[in-house]
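Enquirer: have a look at this prediction, sequence included:
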Amino acid sequence: MSLSQKQLQLIKRVLWTVSLLIVAAPFVFPFLWMVSSGFKNSAEIFGQPSLFPAIWRWQNFLDVFDHQPFAQQYFNSLYISAAVTVITLVISSLAGYALARLRFAGSALLMLFLISALMVPEEVTIIPNFFLIRWMGLMDTHMPLILLPVFGAHGVMATFLMRQYFVVLPKELEEAGKMDGLSRVGIWWKIAIPMSRPALAAVAIITFLHSWNLFLEPLVFLSSLEKFTLPLALSNFTDAYGLPLWHLQLAATTLAVIPILGVYLIAQRQIIESFAMSGVKG
C-alpha cells in the first residue's frame, strides 16, 4: 500500500521532531536537574540520583531571600542590565550609522582599530580599568558595571553589528529624506532607526544577556553586599565554614535564569538573523 504525499510529509515531520528531541535532551537535562534540585535539600542532591525530589521544598526559594538581600541584588542586575542596554543601543546605532554612511579620512583605519579591540580579552584590561575606576572615585558603585560594557569590547561588537546592518540599507530612502529637509540626525532617527528594528532587537538582547551575566567586573569593583549583582550573589550562598549551600544556590540560580531564558526564547531568531546579516556586505 503506497502512502500519499501528505502522509509522507507527516511521517517526515514526526521523525524530524523526534530526532531534534533526542539531540536536545543532553542540553535540556542539566537545566531540568538544576530546577528540580532547587526543591531538594543538600543530602538529597548528593544522595541517590533522581530527577524529581522526594519532597518538594518550596521553602528553599523563600530562604534565598533570608540568607542575603537577594531581592536588592536582583533589582541591581535588572536596572544595570536595562541601563547598559539602552545606552549601548543609542551609542552603537549612532556610531554604526556614522561608520556606514559618513565618509571621512581614516574611517577604514578607525574601523580596523575597533575590530581589533574585540581580540583583547577582558582579563587583560581589568587591571588598567581598576586603576582608572579607582582614580575616578567610582569603586563600590555600579557605574563601572555600566560604563565598561558600553565603551568596552561589547560596545564595539554592538557598533559593528549596527554598522553592518546600516551598510545594506537602501540609500534612496536617505536621499528622499534629504530632499524633505532632514538633517543627518533626522535621517538617523526617522529613517535608519525604524528600518533597523531587527538589528536593534538583536543588539538589545545580546547586550542584556552580557550585562546580566557579568561576574569579573562586579567581583573586582564591588564590596558591599547590598550592591552585589546576581552572578556575584550566587557565589555567596555559603554556610559559616564557607561551604556552599547547594540547595540555596540552585534555587537562586533558578530564579536568576528566568529573565534571560524568557528574553532568549522570545527573540532568539533575531539574534541569529543579525549575526547572519553582519556578514552580508562590508
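Expert: Structure's in. What do you need?

Enquirer: who's in contact with the residue most central in space within the chain?
Expert: In the chain, the centroid-proximal residue (CA atoms, centre = their mean) is L209; its distance is 1.3 Å. By CB atoms under 8 Å, 6 or more residues apart in numbering, the contact list for L209 reads 260, 263-264. For every residue, glycine as well, the C-beta is placed using N, CA and C.

Enquirer: distance check, L32 against G262.
Expert: Per CB to CB, to the nearest Å, L32 is found 17 Å from G262.

Enquirer: ok, back up a step: of the contacts of L209, just the buried ones, PyMOL syntax please.
Expert: Typed into PyMOL, the line below selects the buried ones among the contacts of L209, using 16 or more other CB atoms under 10 Å:
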select buried, resi 260+263
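
Enquirer: look at L200 and say how many residues are nearby.
Expert: 21 (other CB atoms under 10 Å).

Enquirer: show the backbone phi and psi for the residue lying closest to it once chain neighbours are set aside.
Expert: With CB to CB, 6 or more residues apart in numbering as the criterion, L200 has its nearest non-adjacent residue at 6.0 Å, and that residue is L89. The phi/psi pair for L89 (degrees, to the nearest 10) reads phi -60, psi -40.

Enquirer: got the contacts of L209 as TSV, with pLDDT and distance to L225 columns?
Expert: Listed next are the contacts of L209 as TSV, based on pLDDT from 0 to 100; distance: CB to CB, whole Å:
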residue	pLDDT	distance to L225
I260	80	23
V263	74	27
Y264	72	29
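
Enquirer: tell me which of the contacts of L209 is nearest to S42?
Expert: I260 (26.0 Å; CB to CB).

Enquirer: stretch 48-55: how far from the chain's middle?
Expert: 32 Å (CA atoms, centre = their mean, to the nearest Å).

Enquirer: next: stretch 50-68.
Expert: Remark: stretch 50-68 is offset 27 Å from the chain centroid, using CA atoms, centre = their mean.

Enquirer: and it, average pLDDT?
Expert: Stretch 50-68 comes out with an average pLDDT of 88.

Enquirer: quick one: residues in contact with it.
Expert: 32-33, 36-41, 44, 70-71, 225, 228, 233, 236-237, 245, 247-248, 251-252, 254-255.

Enquirer: buried set for that stretch?
Expert: 53, 57, 60-61, 63-64, 68.

Enquirer: circling back: helices - which of the contacts of L209 land there?
Expert: 260, 263-264 (DSSP state H).

Enquirer: pick the one among the residues you listed closest to R197.
Expert: Checking the ones in helices among the contacts of L209 one by one against R197 (CB to CB), the nearest turns out to be V263, at 16.1 Å.

Enquirer: mind listing what that closest one touches?
Expert: 205, 208-209.

Enquirer: repeat for L32
Expert: L32 neighbours (CB under 8 Å, 6+ apart): L51.

Enquirer: sec struct for it, please.
Expert: Following DSSP: H, G, I helix; E, B strand; the rest coil, L32 is assigned to helix.

Enquirer: cool, the one 3 residues further on as well?
Expert: For V35, the reduced secondary structure class is helix; criterion used: three-state DSSP.

Enquirer: check what pLDDT the residue lying closest to it once chain neighbours are set aside gets.
Expert: Leaving aside its sequence neighbours, V35 sits nearest to T254 (CB to CB, 6+ apart; 5.1 Å). Looking at T254, its pLDDT stands at 90.

Enquirer: ok, how many other residues are close to T254?
Expert: Neighbourhood size, T254 [other CB under 10 Å]: 20.

Enquirer: sorry, back to before: from the buried residues of stretch 50-68, which land in helices?
Expert: Reading helices off the buried residues of stretch 50-68 with DSSP H, I get 60-61, 63-64.
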